[in-house]
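Trainee: No letters, just coordinates:
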């Protein structure tokens, strides 16, 4: 079930005055606004007396009411039923006993009865909406025209001079002219059932009320229709013009139905408690008066927002309410039997203030949104009220709701909350706007003071409630008084939430500094280490000077290091990371991790616990090294890089290498300085750096190439010796594999050192091969020595190593292909057949060589070299194939020679035939270019049979004919005897 809306003050008394009507009750009231400060009040009585009062009021002075005069309209006993002021012509029209009277607005002259009009039961003036005034001649439906020419012409007149007059069942449309007489424009009869009792004329629509129902008459097309009928038992019909929305309220007993100018119901119905005596309108509200009680209802929601008894001695009698009947009316008059009371609409701001004082925050926000939709308040005012509500909730210790409203305010500045976080004076004191809003809350103070004052207020409220005194403190606080610690934590958390949201806004640099710095303050207050480090490591505007002492004293060195790095203070940041790496087992981070280690199950092996603890220490040191390396990767300060390279390399050599070879820095480091600074024990770091210089920086310095080759050679020798002397068990291998997988690879290289050594020896030509060979010549690194011998041009030694030491037949054959001489193949064959050193001949390798490269060997020499001990079945097939290939190659050569000779003969014959051709020229022969007769002129003929004169031949040239064909680029081929055959 929806909560009942709380009441608020929409109307407030402005002035009241007693009237002397000679004991004659008031029958009608009318208002005429002369200016922003003066309004005339007309009061009509049952005895026919018309009274005139003047109300003067402004914002700066108290209201003044003065009686002007009274006049009698039609004689004693006449009733003044209705009054319509015509301020634009200075006249007043009065309905009394069925007649209309005209009198000046100051009542200085006697009233004159308007002729031709009698038996009037209802009358009204025409009301034009703002939209209609801007376009008084709208397009007729279906191209139609006005049904009455006089009414059509009357649209040029002032709308307040047009009247609708009900005389029984007849409706008359008339215009009041300056002479004081009425000109009848149109008469409508026979369309209304019952006597006309009420009339409202809006634009071109007339709504008529009778005892039987409500009718709608369209002045343009003359159509009349029933809106709805009234039951026999219903009270008298009542119509009320709602000028603000240009709509009409139709009463059915105590229910009001709002319709538009088309007669269609809009919004919801208004349900009053009783049938009202009189109805008025002010702004977005409808007023109903009954038995001395006034109630205000909102038009859209239908909620009763204010009710009060009409003050006066006529309580319980007939009350009449009258408004200004315009879109922006703010004055209301309520008349009882002997007293008239004036009310004015409370401004939207005052209504909001009243709700806020009563702590009806939701109603205040709803009212602001409603006034904004009605166009009475701006969007900025909505933001202003959200901020005001937020501050009120903040001092009421409802921090979450307060921040919710702060976030909804688009005009509130984050600096308004700075005094709640940091005491004044501070760096941002001048940024805090001195905006007290409406003065409904205390001035800003630190959160601790706000909470202390709030708790004191709660304790006072609890005491007063026990004494039976109602207070404005929340009932939840009465039942469950909060603790100071909980409130402080909630306040800080919600302040964090607000500042986090502000970081996404477009702030000035000073504001952004304050937001980020105070956000770090709040994170530290709750010891939210992760959030502190996240803020410090991302892009931020924190002021380091405001935070470094605080973070240093509280031990948040990681956060401080991130801040230093973000602000370009690399040396300070690196100093912190170095300290953390050196003493990480004693830092707060490790203590937290060690507590988790102590919570492990007691029955676990003690060695496993030790491993877990050591892993966490290593992880902490690795983290410090990683963060330091990120800084150094972008730094071009060579001294700073080399200063911190050592301790990073002690922790993780891969990170050290990444620092040296980083492409992020603007200016690269000096290779000579780097090489000199690298610890000689960190061989892999030096190797990786030299590899980067050579392979990625394309360095052609022979020193670097030679140094790199010698380092690889030494490492390869050490690895080879270790493989020979060390025999690792399977368990040891598994243990080492586990260590490598958990703490990073044992080597910074993915490939074995010998493989890298061999690749480099093959790819580079800039190292000193003799120096490298001197280092490994006595070793068993045969493949490496083969590469070096090849670089030095020692072909025989290379073939001996490949064929005899390594027994790599394929590599030996590839080397022979590289040499390209037949004697190299023969030399390799001799090595296979006579390995020496007491080794058996390598017949299979010899056969393989003969099979793959036999065409490169002379068969006679091969037969001479073959050993008598070689089994014939191994060599017979190969030798036979060699001989057949030799014969086949000879015969192919003969065929190619003969074909070439035949083509040469064919070409010579074709040329001879071309040169010996005869051309017949007669008198009709012309040049194919200039079309001149050739006669006895010299001419030339091209291979495509085109003929030109000698002059054109000189111009065309020998290679291009008249057709444009260039015979040098596109030769003409004619088949010879060889092709045709």
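Mentor: All right, it came through fine. A quick note: this is a predicted structure, and the numbers were derived from the prediction, not measured. Numbers count the residues shown, from 1 in each chain.
Trainee: Contact partners for residue 635?
Mentor: 570, 641, 665 (CB atoms under 8 Å, 6 or more residues apart in numbering). C-beta coordinates here come from the backbone N, C-alpha and C atoms, glycine included.
Trainee: ditto for residue 503
Mentor: If you count contacts by CB under 8 Å, 6+ apart, then residue 503 has 512, 515, 516, 519 around it.
Trainee: Is it possible to get a markdown table of the contacts of residue 635 that adds neighbour count, pLDDT and secondary structure?
Mentor: Converted to a markdown table, the contacts of residue 635 look like this (neighbours: other CB atoms under 10 Å; pLDDT from 0 to 100; DSSP: H, G, I helix; E, B strand; the rest coil):
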| residue | neighbour count | pLDDT | secondary structure |
| --- | --- | --- | --- |
| 570 | 19 | 94 | helix |
| 641 | 24 | 95 | helix |
| 665 | 16 | 91 | coil |
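Trainee: export the residues you listed to a markdown table and tack on distance to residue 778?
Mentor: Converted to a markdown table, the contacts of residue 635 look like this (distance: CB to CB, whole Å):
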| residue | distance to residue 778 |
| --- | --- |
| 570 | 49 |
| 641 | 40 |
| 665 | 43 |
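Trainee: from these, which is closest to residue 884?
Mentor: Taking CB to CB as the measure, residue 665 is the one of the contacts of residue 635 closest to residue 884, at 68.0 Å.
Trainee: hang on, residue 657 in a helix?
Mentor: Yes: membership of residue 657 in a helix is supported by DSSP: H, G, I helix; E, B strand; the rest coil.
Trainee: these two touch, right, it and residue 686?
Mentor: No: using CB atoms under 8 Å, residue 657 is not in contact with residue 686; the gap is 9.6 Å.
Trainee: out of these two, which sits in the more crowded spot?
Mentor: residue 657 (26 against 20; other CB atoms under 10 Å).
Trainee: residues contacting that one?
Mentor: 685, 688, 689, 692, 748.
Trainee: the helices in the stretch 1-150 of the chain, which residues?
Mentor: Remark: helices assigned in the stretch 1-150 of the chain by DSSP state H, counting those that start in this stretch are 130-134, 149-154.
Trainee: By mean pLDDT, show me the worst of those.
Mentor: Among the helices of the stretch 1-150 of the chain, helix 149-154 carries the lowest mean pLDDT, a mean of 51.
Trainee: For the helix or strand following that one, buried residues please.
Mentor: Sequence-wise, the next helix or strand downstream of helix 149-154 (DSSP states H and E) is strand 162-167. By neighbour count with 16 or more other CB atoms under 10 Å, strand 162-167 contains the buried residues 162, 163, 164, 165, 166, 167.
Trainee: who are the neighbours in contact with the first one?
Mentor: Okay, so that is residue 162. Contacts of residue 162 by CB under 8 Å, 6+ apart are 125, 126, 154, 173, 174, 175, 176, 185, 201.
Trainee: beta partners of the closest residue to it other than its chain neighbours?
Mentor: Of all residues beyond its chain neighbours, the one nearest residue 162 is residue 126 (4.1 Å), with distances taken as CB to CB, 6 or more residues apart in numbering. Beta bridges link residue 126 to residue 201 when assigned by DSSP bridges.
Trainee: Was I right to think residue 126 contacts residue 164?
Mentor: Yes: counting by CB under 8 Å, residue 126 does reach residue 164; the two are 7.2 Å apart.
Trainee: which residues are in contact with both of those two?
Mentor: By CB under 8 Å, 6+ apart, the residues touching both residue 126 and residue 164 are residue 201.
Trainee: what about the longest helix in this structure?
Mentor: helix 872-915 (DSSP state H).
Trainee: how close does the residue nearest to residue 162 sit to residue 715?
Mentor: Noted for residue 126: a distance of 107 Å to residue 715, by CB to CB, to the nearest Å.
Trainee: Top of the contacts of residue 503 by number of neighbours, please.
Mentor: Neighbour tally across these (other CB under 10 Å): the maximum, 26 neighbours, falls on residue 515.
Trainee: continuing past the one helix or strand it maps to, what's the next helix or strand?
Mentor: For residue 515, the element it lies in under DSSP H and E is helix 509-525. As assigned by DSSP H and E, the chain's next helix or strand after helix 509-525 is helix 529-537.
Trainee: for that following helix, packing partners?
Mentor: helix 509-525, helix 557-566 (3 or more CB pairs under 8 Å, 6 or more residues apart in numbering; DSSP states H and E).
Trainee: Of those, which stretch is the most buried?
Mentor: Mean neighbour count, computed with mean count of other CB atoms under 10 Å, is highest for helix 557-566 among the helices and strands packed on helix 529-537, reaching a mean of 23.
Trainee: contacts for it?
Mentor: Residues from elsewhere that reach helix 557-566, judged by CB under 8 Å, 6+ apart: 520, 529, 532-533, 536-537, 539-540, 542, 544, 547-548, 551-552, 570, 572-573, 576-577, 579-580, 587, 589, 627, 630-631.
Trainee: relative to helix 509-525, how tilted is it?
Mentor: Relative orientation of helix 557-566 and helix 509-525, computed by axes from the mean of the first three to the mean of the last three CA atoms, to 10 degrees: 160 degrees.
Trainee: Flag the shaky bits of the stretch 51-200 of the chain, pLDDT-wise.
Mentor: 75-77, 133-160 (pLDDT under 70).
Trainee: and with 50 instead?
Mentor: For the stretch 51-200 of the chain, applying pLDDT under 50 flags the ranges 137-149.
Trainee: got the residue ranges for the strands in it?
Mentor: For the stretch 51-200 of the chain, the strands defined by DSSP state E, counting those that start in this stretch cover 64-72, 80-86, 91-96, 99-104, 112-113, 122-127, 162-167, 170-176, 182-188, 196-202.
Trainee: for the ones you listed, which one sits closest to residue 445?
Mentor: Short answer: strand 64-72, nearest of these by CB to CB, at 45.7 Å.
Trainee: just the angle between that closest one and strand 99-104, please?
Mentor: 130 degrees.
Trainee: roughly how far out does strand 64-72 sit from the chain middle?
Mentor: 66 Å (CA atoms, centre = their mean, to the nearest Å).
Trainee: Pull up the pairing partners for that strand, direction included.
Mentor: Using DSSP bridges, strand 64-72 pairs in its sheet with strand 49-56 (antiparallel).
Trainee: Can you give me the buried ones in the strand it pairs with?
Mentor: For strand 49-56, using 16+ other CB under 10 Å, the buried residues are 49, 50, 51, 52, 53, 55, 56.
Trainee: same thing with stretch 388-402?
Mentor: Buried-residue list, stretch 388-402, by 16+ other CB under 10 Å: 388-399, 401-402.
Trainee: Cross these against helices and list the overlap.
Mentor: 388, 389, 390, 391, 392, 393, 394, 395, 399, 401, 402.
Trainee: so what's the fifth one up against?
Mentor: The neighbours of residue 392, taking CB under 8 Å, 6+ apart as the test, are 356, 359, 361, 402, 440, 441.
Trainee: so the closest residue to residue 323 other than its chain neighbours is in which element?
Mentor: Nearest non-adjacent residue to residue 323, counting by CB to CB, 6+ apart: residue 280, 4.5 Å away. Secondary structure from DSSP H and E places residue 280 in strand 278-282.
Trainee: What is the distance between that strand and the centre of its chain?
Mentor: 49 Å.
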